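Peer 1: I need the structure of the sequence given here:
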Amino acid sequence: MTAPYRIFGSEMSPYSVKVRSYFRFKGVPHEWVPRNADSDEAYRRYAKLPIVPTVATPDDEGLQDSTPILEAVEARFPEPSMHPDDPALAFLSALLEEFGDEWGNKLMFHHRWYADVDQAASAQTLGRLSLPHGTDEQVAARTKMIRERMTGRGHFVGSSEANAPLITAYYLELLDLLEPHLATRKYLFGARPSFGDFGLSAQLYECSVDPTCGGMIRARGPAVLDWCHRMLEPRVDGPFEDWESLKPTMAPLLAYVGRYFLPWSTANAAALMEGDPEFTIELAGAPYTQPPQKYHAKSLAALRARYAPLEGNDALKAILREANALPFLRPA
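Peer 2: You can find the predicted model right below:
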């Protein structure tokens with residue numbers, strides 16, 4: 001019998017939850033291995049970087065970075081596919097996956113480590129997860145260390161006193177756009193999960209388990225919360241919809257991507273190219289400032305490369321133009 005894949009991950013890591021949801025959807029045999037003191041030796045065999053998720057393949061190789069993991073497994077196990085047959089919808093799904101990974105993570109990470117109540121709850125949970133058999137004293141010490149380390153990392157996602165009200169407004173606006181879209185369908189593109197579902201739902205699922213964002217999603221997005229939970233065990237319940245069916249509630253969501261995420265991602269890449277220590281961009285009329293992030297520039301380049309062969313797809317171009325997304329997807 002072939003050994004199953006092993007996913008070294010954490011319940012508090014959106015990218016780990018994303019990969020686990022995907023493996024469950026595909027029906028690929030796998031084991032979930034919590035990343036903690038008990039699994040440290042096995043984890044280190046496969047992790048080139050100290051991050052989760054790390055996947056050990058049946059061939060005894062290590063895979064890291066959630067998006068390449070999904071793409072590698074999709075190539076090996078193409079059915080059921082996470083990609084709509086329509087090339088335009090398949091690209092929109094990939095765009096929303098990237099949006100979830102990069103912008104959704106900003107919303108989640110800021111709120112998880114900004115307010116005192118969220119810091120305390122998240123650090124306590126992570127402390128216990130990392131030491132499942134630890135004493136109260138050991139867990140308390142680990143919790144203190146985690147809180148000090150993680151609260152010092154907010155600048156990576158632009159978390160600051162000046163940006164705090166903006167990031168909360170971005171989060172609430174996103175919930176208000178997703179709620180009507182998901183009130184009438186199980187997944188973003190219809191009755192089956194897509195690439196985009198895996199990227200965005202995992203970030204919002206993590207939001208839902210934290211005090212501040214969890215309260216907001218329960219108050220403003222009950223259908224979004226249902227979707228987050230559904231995506232823990234996603235399945236095919238019907239077909240993907242066509243654009244005309246999706247457009248009334250998806251077009252506003254794509255406009256949000258064109259209003260915030262793509263301008264921010266493009267400005268981030270430009271700042272890196274210029275060697276600027278930070279950049280400021282006006283998003284919906286309000287200035288937003290943060291240091292540039294290297295990985296986001298890399299993933300924007302990958303998104304543009306994905307769009308390039310579709311430049312002649314008039315239907316996709318029309319959708320992206322309406323969302324004010326088209327200028328940001330062409331090479332700078």
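
Peer 1: which residue is the nearest non-sequential neighbour of residue 84?
Peer 2: The shortest distance from residue 84 to any residue other than its chain neighbours is 4.4 Å, reached at residue 240 (Cβ to Cβ, 6 or more residues apart in numbering). For every residue, glycine as well, the C-beta is placed using N, CA and C.

Peer 1: er, residue 179 actually
Peer 2: When the adjacent residues along the chain are set aside, residue 179 lies closest to residue 221, with 4.9 Å between them (Cβ to Cβ, 6+ apart).

Peer 1: in contact with the one you found, which residues are there?
Peer 2: Residues counted as contacts of residue 221 (Cβ atoms under 8 Å, 6 or more residues apart in numbering) are 175, 176, 178, 179.

Peer 1: filter these down to the ones in helices?
Peer 2: Helix and strand membership here follows DSSP state H; of these, those in helices are 175, 176, 178, 179.

Peer 1: buried residues in the lowest-mean-pLDDT helix or strand in the chain, which are they?
Peer 2: The helix or strand of the chain with the lowest confidence, counting by mean pLDDT, DSSP states H and E, is helix 294-307 at a mean of 94. Residues of helix 294-307 classed as buried: 296, 297, 299, 300, 303, 304, 307 (neighbour count, 16 or more other Cβ atoms under 10 Å).

Peer 1: for stretch 30-45, which positions count as buried?
Peer 2: Residues 30, 33, 34, 35, 36, 43 are the ones in stretch 30-45 that count as buried (16+ other Cβ under 10 Å).

Peer 1: return the subset of the residues you listed lying in helices.
Peer 2: Among these, the subset assigned to helices under DSSP H consists of residue 43.

Peer 1: hang on, the earlier thing: quick one: the least confident helix or strand of the chain to chain centroid distance?
Peer 2: On the basis of Cα atoms, centre = their mean, to the nearest Å, helix 294-307 is displaced by 15 Å from the centre of the chain it belongs to.

Peer 1: who touches it?
Peer 2: Here helix 294-307 makes contact (Cβ under 8 Å, 6+ apart) with 67, 91, 94-95, 98, 101-102, 265-266, 268-269, 272-273, 329-331.

Peer 1: over to stretch 166-178?
Peer 2: When contacts are defined by Cβ under 8 Å, 6+ apart, stretch 166-178 is touched by residues 103, 106-107, 110-111, 158-159, 204, 207, 213, 216-217, 220-221, 223-224, 227, 249, 252-253, 256, 260, 283, 286, 288.

Peer 1: burial measure for residue 260, as a count.
Peer 2: 21 (other Cβ atoms under 10 Å).

Peer 1: hang on, it packs against residue 103?
Peer 2: Yes - if you go by Cβ atoms under 8 Å, residue 260 and residue 103 touch, sitting 6.8 Å apart.

Peer 1: once you drop chain neighbours, what's closest to residue 281?
Peer 2: In space, not counting the residues next to it along the chain, residue 281 is nearest to residue 267; the distance is 4.2 Å by Cβ to Cβ, 6+ apart.

Peer 1: could you do residue 225 as well?
Peer 2: Spatial nearest neighbour of residue 225, excluding adjacent residues (Cβ to Cβ, 6+ apart): residue 217 at 5.2 Å.

Peer 1: tell me the pLDDT of that neighbour.
Peer 2: Predicted confidence (pLDDT) for residue 217: 98.

Peer 1: could you do residue 105 as well?
Peer 2: Taking residue 105 on its own, its pLDDT is 98.

Peer 1: could you dump the contacts of residue 221 to CSV with pLDDT?
Peer 2: CSV is the format used below for the contacts of residue 221 (pLDDT from 0 to 100):
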residue, pLDDT
175, 98
176, 98
178, 99
179, 98
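
Peer 1: quick one, which of those residues are buried?
Peer 2: Among the contacts of residue 221, those buried by neighbour count (16+ other Cβ under 10 Å) are 175, 178, 179.

Peer 1: gap between the first one and residue 213?
Peer 2: Note on residue 175: its distance to residue 213, by Cβ to Cβ, to the nearest Å, is 9 Å.

Peer 1: try residue 193
Peer 2: Shown here: residue 193 relative to residue 213, a distance of 22 Å by Cβ to Cβ.

Peer 1: any weak-confidence spans in the stretch 1-150 of the chain?
Peer 2: 1-2 (pLDDT under 70).

Peer 1: repeat that with 90
Peer 2: For the stretch 1-150 of the chain, residues meeting the criterion pLDDT under 90 lie at 1-3.
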